[in-house]
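S.K.: Got a predicted structure here, sequence first:
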Amino acid sequence: MIKAVIFDFDGLIIDTETIWYEAFKEALSQFEVDLSIDQFALVIGTDDTVLNQYMMDNLKESATITEVRESASRLFHEKIGQPILREGVEDYLIASKEAGLKIGLASSSKRSWVEKYLKQLDILPYFEAIKTSDDVTSVKPDPELYLQAIKALGVKPEEAVAFEDSLNGLKAARAAGMKCVIFPNPVTTNLAFEDYSLRFSSMAERPLPLILKEII
């Protein structure tokens, strides 16, 4: 029996990932470096180690990772404007509350980043437990974030389902012993997802009660 749902944040609740890809691609193009969507997808759901290495390998000596990051950050904030929830997210939060499910969040991002947007979107009160990179030694695909969220919610892994948009997030949820439903965004839709419970284009495609019936 499912007693809890645990949401990822970036790319799932709001599609920051597509905007970050556009921002980094534009920033790197200023230094004559191309960034493919497949290359960027490798860092989604985890830390920036792979992206940093890619920039180190391809940037000319006159450019630095710091310069690219500062440019990408400016572009990101210009592009995101007023953030909006991905389609169906609020419906899932409401349905989870109405069903008496515990609601958690597990993100490889920093707490300040996550909570800033949750407050702006007025959905912070829905979450009983929030675990971020500030709380763990290793982020996704390591299962530590999900294991901590499960513990904080007081449920067993088999009693919780994760909602994810990335391959790293899926791997983390499965390694934690959880079921996982995938809702890819435009950047992650072509990743080689395997061993997931269900997959949909967005939360608007299938109401939460039907999903819960299918994965039990």
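M.R.: Thanks, I have the structure now.
S.K.: all helices of the chain, in order?
M.R.: For the chain, the helices defined by DSSP state H cover 16-29, 37-41, 49-58, 65-80, 89-98, 111-120, 144-153, 167-175, 208-215.
S.K.: Could you point out which of those helices sits nearest F9?
M.R.: helix 111-120 (5.1 Å; Cβ to Cβ). Every C-beta, even on glycine, is put in place using the N, C-alpha and C of the backbone.
S.K.: Show me what that closest one is packed against.
M.R.: strand 129-131 (3 or more Cβ pairs under 8 Å, 6 or more residues apart in numbering; DSSP states H and E).
S.K.: any chance of the helices of the chain in JSON lines, with mean pLDDT and distance to Y126 too?
M.R.: Shown next, in JSON lines, are the helices of the chain (pLDDT from 0 to 100; distance: least, Cβ to Cβ, whole Å):
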{"stretch": "helix 16-29", "mean pLDDT": "93", "distance to Y126": "19"}
{"stretch": "helix 37-41", "mean pLDDT": "88", "distance to Y126": "28"}
{"stretch": "helix 49-58", "mean pLDDT": "88", "distance to Y126": "31"}
{"stretch": "helix 65-80", "mean pLDDT": "92", "distance to Y126": "21"}
{"stretch": "helix 89-98", "mean pLDDT": "98", "distance to Y126": "5"}
{"stretch": "helix 111-120", "mean pLDDT": "96", "distance to Y126": "8"}
{"stretch": "helix 144-153", "mean pLDDT": "98", "distance to Y126": "13"}
{"stretch": "helix 167-175", "mean pLDDT": "96", "distance to Y126": "19"}
{"stretch": "helix 208-215", "mean pLDDT": "94", "distance to Y126": "13"}
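S.K.: Highest mean neighbour count out of those helices?
M.R.: For those, average neighbour numbers computed from mean count of other Cβ atoms under 10 Å are highest in helix 167-175, which has a mean of 25.
S.K.: so how far is that one off the chain centroid?
M.R.: Its chain's average C-alpha position is 11 Å from that of helix 167-175, according to Cα atoms, centre = their mean, to the nearest Å.
S.K.: got a markdown table for the helices of the chain, with distance to F127 too?
M.R.: Listed next are these as a markdown table, based on distance: least, Cβ to Cβ, whole Å:
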| stretch | distance to F127 |
| --- | --- |
| helix 16-29 | 17 |
| helix 37-41 | 26 |
| helix 49-58 | 27 |
| helix 65-80 | 21 |
| helix 89-98 | 9 |
| helix 111-120 | 7 |
| helix 144-153 | 10 |
| helix 167-175 | 17 |
| helix 208-215 | 16 |
